[in-house]
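1. With the sequence up front, the predicted model follows.
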There are 2 protein chains.
Amino acid sequence: MADQSVTPTASDPPPPPTGPRPKSTNRGRTSDPISSSNSDSTDIPEFEPFGLPGPRGFPPLTDYLDIWDVDMMRRPDQPNKQEHHTNLFNSDYLIVRRGQEFQVKITFNRPYKPATDKFALEFVIGSSPHYSKGTYIPVFTTKERQSSWEGRITNTADNSVTMAVTPAANCIVGKYHMYVAVVTPFGVRRTRKDDRRNLYILFNPWASADAVFLDDEKERQECVMNEVGIIYHGAYDDVSERDWNYGQFNYGVLDACLYIMDRAEMPITNRGDAVRVARKASAMLNSRDDEGVLVGNWSGEYTYGVAPTSWTGSTDILLGYASSKMPVCYAQCWVYAAVFNTFLRCLGIPSRVVTNFYSAHDNDGNLKTDIILDENGRIDRNRTRDSIWNYHCWNECYMSRPDLPAGFGGWQAVDATPQETSDGLYRCGPASVQAIKHGQICFPFDAAFVFAEVNSDVVFYSRNKDGTMEPVKVNRTHVGRMILTKNPGDMSRREITDQYKFPEGSAEERTVLEKADEFGCKREKSDPPVADVDLVLPTLEVTVGDDFVLSLEFTNRSDQKRTVDAYISGNIVFYTGVTSSEFLFNDPTVTMSPNKSVKESVVIESRQYMKDLVEQANLHFIVTGKVKETGQIVSAMKVVTLHNPKLTVTVPVGGKVNEEMTATVEFTNPFAFNLEEVYMRMEGPGLMLPKSKYFSLIPAGSSLIWAEIFIPQRAGTSRVIVSLDCPALRQVAGQATVTIAP
Amino acid sequence: MADQSVTPTASDPPPPPTGPRPKSTNRGRTSDPISSSNSDSTDIPEFEPFGLPGPRGFPPLTDYLDIWDVDMMRRPDQPNKQEHHTNLFNSDYLIVRRGQEFQVKITFNRPYKPATDKFALEFVIGSSPHYSKGTYIPVFTTKERQSSWEGRITNTADNSVTMAVTPAANCIVGKYHMYVAVVTPFGVRRTRKDDRRNLYILFNPWASADAVFLDDEKERQECVMNEVGIIYHGAYDDVSERDWNYGQFNYGVLDACLYIMDRAEMPITNRGDAVRVARKASAMLNSRDDEGVLVGNWSGEYTYGVAPTSWTGSTDILLGYASSKMPVCYAQCWVYAAVFNTFLRCLGIPSRVVTNFYSAHDNDGNLKTDIILDENGRIDRNRTRDSIWNYHCWNECYMSRPDLPAGFGGWQAVDATPQETSDGLYRCGPASVQAIKHGQICFPFDAAFVFAEVNSDVVFYSRNKDGTMEPVKVNRTHVGRMILTKNPGDMSRREITDQYKFPEGSAEERTVLEKADEFGCKREKSDPPVADVDLVLPTLEVTVGDDFVLSLEFTNRSDQKRTVDAYISGNIVFYTGVTSSEFLFNDPTVTMSPNKSVKESVVIESRQYMKDLVEQANLHFIVTGKVKETGQIVSAMKVVTLHNPKLTVTVPVGGKVNEEMTATVEFTNPFAFNLEEVYMRMEGPGLMLPKSKYFSLIPAGSSLIWAEIFIPQRAGTSRVIVSLDCPALRQVAGQATVTIAP
C-alpha cells in the first residue's frame, strides 16, 4: 500500500494555542444544563401558540379570560402565613410549607365560567424548568386534570376566583415563581413575570406526608419556631450556658440559606430531599473544600475577624456571607452548630444543638484515644496526641430516612465542624441516632464517626525503652459522659445521653459495642488489671482570678501498704483538649496504710494560671502515677472551667410592640489589669437586630454602662443577649428575659 | 457601680491589620500535625540516650554491635521480589506485600551474640511517626518482644544476620524507611537515614489475612499482574475493543500513585484500608473539587490537550500528573477507568475495567429516564434530557467490606468519572456488586447510584397542550443491557451482567426492584397498555464512509388493520447519548394488514452523516410513532457504531530480550478528504515506553508507514498498542501480539 502513494512525513506538533485556556464545556456530555441555582430563572413566554391552523398573530382576546390582578395573600395577618407557621418571617413574599393548602386570589376581566374557561396556576423553580423534574408544576382547577400538586376553587365572587393549592409533600424547597395561565383555543396566555408573585415553599413538620413530619407540637415550636437557643459548654460536672439568637426569621436569612445551596451548586431537583439538604449543608457551613459559610479558627488569634466567642447570633454571619459571598471569620464548634441550626429551622427541618461532654475527635472512627506514659508513669506530652474535646457541639435534625431500612428515621446527627483526620470528611451525617445507639454503624452517613465521638475508650500506654508500648489502663466511661440539649418550651436542660447510648455496663451496651466491632470500630481489647488504689479529683467551681485548692483523694483498697509516685500536672487547655501550657507540676509520693484514704492538697494561686489563660479559660488537671508495690497505674483527669465575670443586663418591664425601650448592660473589670480591644455585641429576636460596640480600653477595676434603645417588633417573651470579648477575656455573656405586650 | 469609677467610652474599632491575611493555624485544635504525605518524613535521631545515670557524651562503642552494612535484597532476581510478585516493577527499591515474610541481611562489626546483643528493625512512614498510629513499627528478633509485625532470625553467618520480617496484613501501604537500631546500655544507636533502605509495602491479594485477598491465581494474575487490558465500547450488539497499556510496573508509576494520595492529603493512617484508598482514588482520579489527575472533556474540542480517544495507556498520564502536579487533559469514562485500574493494580488491589452498555447516567439514583413525545408521537428534543450513555466504563476492585454486614465483600464498583447531577458526587463507590444485585442499596458507598445505572426504566411521556405529561410506554429492558469485562488469562470477553442483575423477568428480579424501591429508588409505577404493533430495528455493522440501508420491521399482532404515523430520526450522537445533530428525518405512514409485518427501508448515504460525525462516530436511530386506530405508542432505538479503518501493526517473530526489533504501523487514509493534525501513539508493556508522532497532513487516499525500533525488556507475550487520532477521525487503533524469548 505504502508504495502506491506519497508517504506523509512526521513533523513536530504545532505549539498549543496561546491565550486563556478555555473552560471545558459539557457539549457532548449533557444536552441540558443542570439547574443548580435558585436565583437563576427562565422566563416562560407570555403567549405559547398551539401551532394549530387559525389566525396568525396575537389572537383576539375579547372572548377570553384576561387576568387583571393576582393576590398572593401574603400579609402576615392573612390565613396563608398564619396557617403555615410562617408569619414570623420578616419577608415581603408569600412563604408556605409543602403538603398543606394555601390560597391565592385571581381577578379576571369578567366572571369566571367554570364550564368553558380553562386556567391553571404554574409554579416554576430554577432555570430550565421541566415537568418531569418537578421544577415546572401546573395546577388545575378540576379534579380530572391533576398534577402532583392539587388545586381547587374555594370561592368565586364577581370577577374573582380564590384558588387553593396544595404543593406535593415531597416537592422541591426554595423560591418559586407563580404564573397564571389561561388556555385559549389559539394557545396559552400567561401573566408576565413579576416579583410579587414569587413565593417560598418550605419543609413542613406539621404535614404527616412530609419527610420531616414531627408529631409533637411542643417539639415543633421549639425545633422550628424558637429563635432563642441555649448552647451548653464547660464541663459535664459544671455546665455553662450561652444564649444564642438563631434569628431564622430575620429579614434576608431565608435568602441567605438558599444562597448557601446555590453556592454549593446543589441541583435544584435534590432540594426537596431533607437528607440531601442536611448533608449538603453540613459540608457548606464550613469553608473547607467549598468556600462555605464559616472559617474555623482555633488558634486564639482572631485579629482578622470576629472571635468565635464574641458572636451572639447567626444573623450577622449568614447575612455577611450572602452579601460578601466570602467565608465569614471565625467559628468554633458551637458557632458551626448554631448557624447550622438556623439554616435547618429556617427551611423548616426540625433541629436542635446538642453538646457532648468529653467528645472523642479527629480519630476517624477509631474507638481508642491514646495517652502515653513514660516508664515512671508520667504523661509523655510529645507522644500523646490530644483528641478528646472538653465538649463538642453538633446538630440533630428530625426526618424520615427513606434511604435506610425501617427504624432509623427520627433524630439524625449532623455536624458542620470540619473534622481533621477523617479522610477528607469535611461533612458529617446525617447519621441516625437510633443506628448509633444500636451500633448499626454500617449505614450512611458517617455513623461510625459519631459513634466514636460518644463511645471511645481512653487507653493509657506505658512506653518501653525500645519504643514498644503496652496498655496499662483503659477508661471506658470518660468519653461521651453526658449529652445535653435545651428542653423544649423552657430554658432548662435536657439530658439525652440515653438516646445515644445504653446504660453503662448494661447487657445492651455490650451487645452494641460488639456490633460496632463487627463494622470495623475497633475498641481496646486488652483488660489490664485495675489498680487497687483509687484516685478521685474533686468537682470545682472556680471564678477566674481566684486562688483555690485542688484536693486529691487516694484510696488504698488493699490490705497492704501502698505507695504512689504521683505526677500532678495542671495545664491550660483549649476546649478542644489541646494543651497550651503547663502551669503546675508536682510529684508527691503518697503513702497509704491498708484500706485507708489519704488527701493530697495542692494550692493554686491565680498568678500561676492568669497570665497564660486561653480562650474559654479551661484548666485541665491530669494526675498519673505508679503504685510502687505493684507497678499498677493510677490516673485521674479533671477539667475545671473557670467562671467568667457576668454582664448585668437590665430591661424595664412593661414593654409594648412598637414602643421604644432601653436595654442597659453593665460590666466591671474585676481584674488588676486593663482589658483592651474589647468588643461587645447585643441582639434579641423580635427585639433588635445585632448591635456592636468597641472599647479600646476598660481600665482595671472600672465599670461601663451600655444603654441601647430599641423598638420591639412583636409580642411575647424573648431575650436580650449580650457578649463581651477581648483577647484577655473571652466569652463574657449576659442576658435578660423580656416580655412584650401586644 | 458605674458611678464609682471612670466609665470607659465606646469608640470606632481599629481598622483590621493590613498585609497578607495569615493562614489560620490549628494551634488549639490539634497538638500534632496529621501526617498526610508519604513524601514527608522525620529523621529519627541516630542516638537516643536512655537518660540514665552514666557517662555523658557519645558512649564507648567498642563493646557493642556496630552496623556495617544493610542489604535489602531488592534485586528482581532475589527471592523477596520474586515471592512477593513485585519483580516486574521497574524500581530500584525493595517492594514487598504486606502479610508476607521478606528478608533483609545485616552485617555487623563482629558476630551477633543472641544472648546479649539486642537489635531491632524500625519501619517508619510519613512525618511524626507514632507506634500507636502504625507509622512507627519496631520489629524484634525474639518471640518475647513482638510488635504487630513479626520478626525472626533466619540465618547467621560470620558477622551477618539474615532477618525475616512479616508486615501486619493490615499495615499502611506506601513508602517506608527502615532503620536498624542497636540497644546499648546507654541508649539506642541506629543507622543514618539512607534512601537505599527505603521500601514499599503494597496490598497483598496472595495473603489470606489481607482485606484484598483473592483466592484465585488466574484472577490475581489478571487483576493485579496483567498490564495489557481490553476495554469494551461501541454497542451491545456490535461490541468494539480497544487495547490499553495499564503500565502499573513502569518506572515512576508507583511513586505517582502515592503522590495522588499525598495530593489528596489523605492521612497516612488511612492508607492501609482498601475501602478508603479506593474511595479516595475515585475522587482524585478526576480533577473536579480537588485538582485530581484527569480533566474530563466531552466537547469534541481538545486543542489544549490530548484527545481522550488518543491515549494508548496510563503511563504518560500518571507520570505527567506527578511531574507537572497539574491535572492532565483530557479524559472520558474509559480513560478514567483505565488510569484508575492502573492505580489499583499498582498498589496491589485486584481490579478490572467493566463496560455497561446503555448506562443510565446523571440521574442520581432516580430509576427513570424520560423521553418526551409531542402529541403526535414525535420526540420533543427540547424537553428530552439525554441521560443514557451508549456505554459507560467503571472499575471493580476486590476486597472485603469490614464496614458492612457479612456477604457484601468481593467485587466493588468504583467510578472515577465525575457525575454531574449527583449532589456534588465527584466520587463514586466502592459499592458492593453483591449489594447492587440484591437491591440492598442502603449501604455505603453510592450503591443506589450504580443500581440506577444498570436498572433504570426508559419512560416515554406524551406531553399534552397544557404542559402535563402522561407515561405512554415503559421500556424496562433497555438500560444495563450487557456488562462486559476482559476474561482472565486470555483476550476474550466475559459477560458479567448476571453479577449485577437477576435474569430479566425472574421472581428474584421483581423482589430486588421492590427492595430498591423501599430505599427510595423509585421506578415508574404506571403500566401503559403495550401496543399491538411491534417495531424492530436491525443490528447493523457499518464502516465509516459506507452507504447503508436501515430496514424497520413493523409487525401487526392484532386482527385488525393498523396504521402507524412513524417518525424516523437519525442522529449523530456522542457516546454519552447526547445528540450533536440530526442528519435524517422521515415520517412515513405505515399500513399493516391484520397479523402481518411490513418492512420500511431507509437508504442512508455517507454524505448525509460524514460531515457532522463526532468523536466515536455513533449514529442513533430513534423511531417513534402513534397507532392511528388505538392511539398507542410504538418506539424503537438503536445505536450504530460506525467501524473505523484499522491500523496494521507488524512486529517480526523471534524477538529476544535486550535485542533491538522494529514495530511497523501502516495506515491508509481511505477517505476522499485529507486528515489533518494527526497524532499517533505507540506503546507496549515490557516492550517500549509510550512514543508519539505528529502528522500535519495525511492526504486523501495516501498511506503512511511508521517504523519504531525498540528493545524488549522482558520475556513473555505482550502487545504493541497503536492509536491514530485527529479531529476528523477519532479512535483508530491497531495492535500486534509479540512473544519475546528470554
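-> It's in.

2. Just the buried positions in the longest helix anywhere in chain A, please.
-> The longest helix of chain A (DSSP state H) is helix A:333-347. Across helix A:333-347, burial judged by 16 or more other CB atoms under 10 Å in any protein chain shown covers A:333-347. Bear in mind the C-beta positions are built from the backbone N, C-alpha and C, glycine included.

3. where exactly do the strands run in the stretch 201-350 of chain A?
-> Taking DSSP state E, counting those that start in this stretch to define them, one finds strands in the stretch 201-350 of chain A at A:228-235, A:238-245, A:294-296, A:328-331.

4. who wins for proximity to chain B among those strands?
-> Nearest to chain B, of all those, is strand A:294-296, at 6.4 Å by CB to the nearest CB.

5. Please list the outside residues in contact with the closest one.
-> A:285-288, A:305, A:317, A:321, A:327-332, A:335-336, A:339, A:416-418, B:24, B:29 (CB atoms under 8 Å, 6 or more residues apart in numbering or on different chains).

6. Just the endpoints, please. Distance across stretch A:47-67?
-> 13 Å (CA to CA, to the nearest Å).

7. pLDDT on it, on average?
-> Average pLDDT, stretch A:47-67: 62.

8. ditto for stretch A:401-408
-> Rounded mean pLDDT across stretch A:401-408 is 93.

9. touching chain B at all, that stretch?
-> Yes. Part of stretch A:401-408 sits near chain B under the criterion CB under 8 Å from any CB of the partner chain, namely A:402-405.

10. Please report which of these has the highest neighbour count.
-> A:Leu404 (23 neighbours; other CB atoms under 10 Å in any protein chain shown).

11. Please give me every residue in contact with that one.
-> A:432, A:435, A:443-444, B:442, B:519.

12. Which of those scores worst on pLDDT?
-> B:Phe519 (85).

13. Next, the contact list for A:Asp532, please.
-> Counting by CB under 8 Å, 6+ apart, the residues that A:Asp532 touches are A:556-558, A:562, A:627, A:630, A:632.

14. Mind pulling the model confidence for A:Met284?
-> On the pLDDT scale, A:Met284 gets 92.

15. swap in the one 3 residues further on?
-> Note for A:Ser287: predicted pLDDT of 87.

16. list the contacts for the residue lying closest to it once chain neighbours are set aside?
-> Nearest residue to A:Ser287, sequence neighbours excluded (CB to CB, 6 or more residues apart in numbering or on different chains): A:Pro327, at 3.7 Å. Counting by CB under 8 Å, 6+ apart, A:Pro327 touches A:287, A:291-295, A:321.

17. Compute the distance between A:Pro327 and chain B, please.
-> Per CB to the nearest CB, to the nearest Å, A:Pro327 is found 11 Å from chain B.

18. Next: A:Thr737.
-> Distance from A:Thr737 to chain B, by CB to the nearest CB: 22 Å.

19. From what I see, that residue and A:Gly716 are in contact.
-> No. Taking contacts as CB atoms under 8 Å, A:Thr737 lies outside contact range of A:Gly716: 11.1 Å.

20. Centre of the chain to the lowest-mean-pLDDT helix or strand in chain A, how far?
-> Across the helices and strands of chain A, mean pLDDT, DSSP states H and E gives its lowest value to strand A:47-49, namely a mean of 76. Computed by CA atoms, centre = their mean, to the nearest Å, the chain-centroid distance of strand A:47-49 equals 47 Å.

21. How about stretch A:76-92?
-> 25 Å.

22. buried ones in it?
-> A:78, A:80-81, A:83-91.

23. Looking at the residues you listed, which one is closest to chain B?
-> Nearest to chain B among the buried residues of stretch A:76-92, with distances taken as CB to the nearest CB, is A:Asn80, at 24.8 Å.

24. Backbone torsions only: list them for that closest one.
-> Note on A:Asn80: backbone dihedrals following degrees, to the nearest 10 are phi -50, psi -60.

25. hang on, it packs against A:Asp71?
-> No. Using CB under 8 Å, A:Asn80 is not in contact with A:Asp71, being 10.5 Å away.

26. list the residues that contact both of the two?
-> With CB under 8 Å, 6+ apart, A:Asn80 and A:Asp71 have no common neighbours.

27. How is A:Lys638 assigned, secondary-structure-wise?
-> strand (DSSP: H, G, I helix; E, B strand; the rest coil).

28. so who does the residue nearest to it when sequence neighbours are not counted touch?
-> Leaving aside its chain neighbours, A:Lys638 sits nearest to A:Leu537 (4.0 Å; criterion: CB to CB, 6+ apart). By CB under 8 Å, 6+ apart, the contact set of A:Leu537 is A:550, A:552-553, A:621, A:623, A:636-638.

29. And A:Met680, by the same measure?
-> Per CB under 8 Å, 6+ apart, neighbours of A:Met680: A:665, A:692-695, A:706, A:722-725.

30. Who is it paired with across the strands?
-> For A:Met680, the beta-bridge partners under DSSP bridges are A:Lys693, A:Leu724.

31. same thing with A:Ile137?
-> A:Phe123.

32. Strands along the stretch 551-700 of chain A, start to end?
-> Using DSSP E, counting those that start in this stretch, strands in the stretch 551-700 of chain A cover A:562-573, A:579-586, A:589-592, A:597-604, A:618-627, A:633-641, A:648-650, A:655-656, A:661-668, A:675-684, A:688-698.

33. Quick one: name the residues of the stretch 201-350 of chain A near chain B.
-> A:264-267, A:269-270, A:276, A:279-280, A:283, A:289, A:295-301, A:303-304, A:330.

34. are any of these buried, and which?
-> Buried, going by 16+ other CB under 10 Å: A:264, A:266-267, A:269-270, A:276, A:279-280, A:283, A:295-299, A:330, out of those.

35. Buried residues of the helix or strand hosting A:Thr107, list them for me.
-> Element membership for A:Thr107 (DSSP states H and E) is strand A:102-108. Using 16+ other CB under 10 Å as the test for burial, strand A:102-108 gives A:102-106, A:108.

36. Redo those residues as JSON lines? Include pLDDT and distance to chain B.
-> Below are the buried residues of strand A:102-108 laid out as JSON lines (pLDDT from 0 to 100; distance: CB to the nearest CB, whole Å):
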{"residue": "A:Phe102", "pLDDT": "98", "distance to chain B": "21"}
{"residue": "A:Gln103", "pLDDT": "97", "distance to chain B": "22"}
{"residue": "A:Val104", "pLDDT": "97", "distance to chain B": "18"}
{"residue": "A:Lys105", "pLDDT": "97", "distance to chain B": "22"}
{"residue": "A:Ile106", "pLDDT": "96", "distance to chain B": "17"}
{"residue": "A:Phe108", "pLDDT": "94", "distance to chain B": "18"}
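
37. out of everything not next to it in sequence, what's closest to A:Tyr251?
-> A:Asn90 (4.1 Å).
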